[in-house]
Each structure stands twice: as C-alpha cells, then as structure tokens.
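Undergrad: Just a sequence and a predicted model for now, questions to come.
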Amino acid sequence: MSCESSICQVRATVMLYDDSSKRWVPSGSDSPALSRVHIYHNPSTHTFRVVGRKLQADQQVVINCPIIKGMKYNQATPNFHQWRDPKQVWGLNFSSKEDGATFSKAMTYALDAL
Ligand SMILES: CC(=O)N[C@@H](Cc1ccccc1Cl)C(=O)N1CCC[C@]12C=C[C@@H]1CC[C@@H](C(=O)N[C@@H]3C(=O)N4[C@@H](C=C[C@H]3C)CC[C@H]4C(=O)O)N1C2=O
C-alpha cells in the first residue's frame, strides 16, 4: 500500500449483517475469529480505510472498506460498533471496551478530516 499509515490498530471480530437471514455472520471463512483491524490513512489521496486481517496464520483480509465522508458510525454498545457501506452493514465486535474506544476515536478523527 502506497505510503498509507496506520492511525490505529485494535482487535475485533469483523462481522457482516446478512439481511436475508437477519443475522450477523463473521466476515471471512471459518468460524468467528479475532482480527487485527487498522484504520489506514493515505495522505496523498487524503483517504482513509478500514483494513482487517485474521490474527491466525493465514492473515486472511476480512475487511477492506473505504471510510466515506458523512458515513454514520453507530456505537451500539461499548464493544460493538457498526456502519453501513453502499452494499452491506459492517459490525466490529471488539475484544475490549478500550479497543472500541480507540477505534471510535480514530474513526471520528477520519470522518472529521474528510
Ligand atoms: C437505521 C440502521 O441502519 N440501523 C442499524 C444500526 C445503525 C444505526 C445508525 C447508523 C448505522 C447503523 Cl448500521 C441497525 O439497527 N442494524 C444494522 C443491521 C442490523 C441492525 C438491524 C436490526 C438488528 C436488531 C438488533 C440490532 C443488532 O444487531 N444488535 C447487535 C446484535 O444483535 N449483535 C451484535 C452485537 C450487539 C448488538 C448491538 C453481535 C451479534 C449480535 C448478537 O448480539 O448476537 N440490529 C441492528 O443493529
């Protein structure tokens, strides 16, 4: 990734809301597993995105989602935050409230900077 810098990294289970079954499903293959989730800033394009990779060996990318100006970020609980992108709803189930607070600060920073 060209000159992108990470402005935060937390641990969370990345989930997607399945509208048909009305259930949250873990993003990526296998069972819900913790991922390391970053917010990357690209200063040359002045963009931010959420990127998450599984902590386990395969480091599967389970989220790669641009942060869109005006996006509504919903902190449903201290450990579970969610937002809509054009196609789907993302949910982050943080490993701790502190990680949730860290991520929320960085997301708020990004949304304010766009
Ligand atoms: C206007 C709008 O878009 N509103 C969205 C929310 C929103 C508002 C504003 C801006 C953006 C967005 Cl995204 C909405 O309400 N959405 C988005 C899709 C899903 C949902 C719709 C209905 C269900 C009812 C229950 C609730 C839910 O999922 N709660 C969680 C939950 O049931 N779980 C997750 C954890 C904790 C809980 C908090 C972990 C796994 C599971 C579980 O605990 O087992 N819902 C939603 O959040």
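TA: Looks like it arrived, so ask away.

Undergrad: For the rest of this, base every contact and every neighbour count on C-alpha atoms.
TA: Will do.

Undergrad: What secondary structure category should be reported for the nearest residue to residue 99 once chain neighbours are set aside?
TA: Spatial nearest neighbour of residue 99, excluding adjacent residues (CA to CA, 6 or more residues apart in numbering): residue 10 at 5.4 Å. Recorded secondary structure, residue 10: strand (DSSP: H, G, I helix; E, B strand; the rest coil).

Undergrad: Give the burial count for residue 10, as a bare number.
TA: Residue 10: 20 surrounding residues under other CA atoms under 10 Å.

Undergrad: what bridges to residue 63?
TA: Bridge pairing for residue 63 (DSSP bridges) gives the partners residue 52.

Undergrad: What residues does the chain have near the ligand?
TA: Proximity of the chain to the ligand is assessed by CA under 6 Å from any ligand atom, with 17, 24, 72, 73, 74, 76, 77, 80, 82, 83, 84, 89 identified as the residues in range.

Undergrad: Let me see the confidence value for the residue in the chain that the ligand sits nearest to.
TA: Among the residues of the chain, residue 83 lies closest to the ligand, at 4.0 Å counting by CA to the nearest ligand atom. Confidence per residue is given as pLDDT, and for residue 83 that number is 98.

Undergrad: Do I have it right that it meets residue 72?
TA: Yes - taking contact to mean CA atoms under 8 Å, the distance of 6.2 Å between residue 83 and residue 72 places them in contact.
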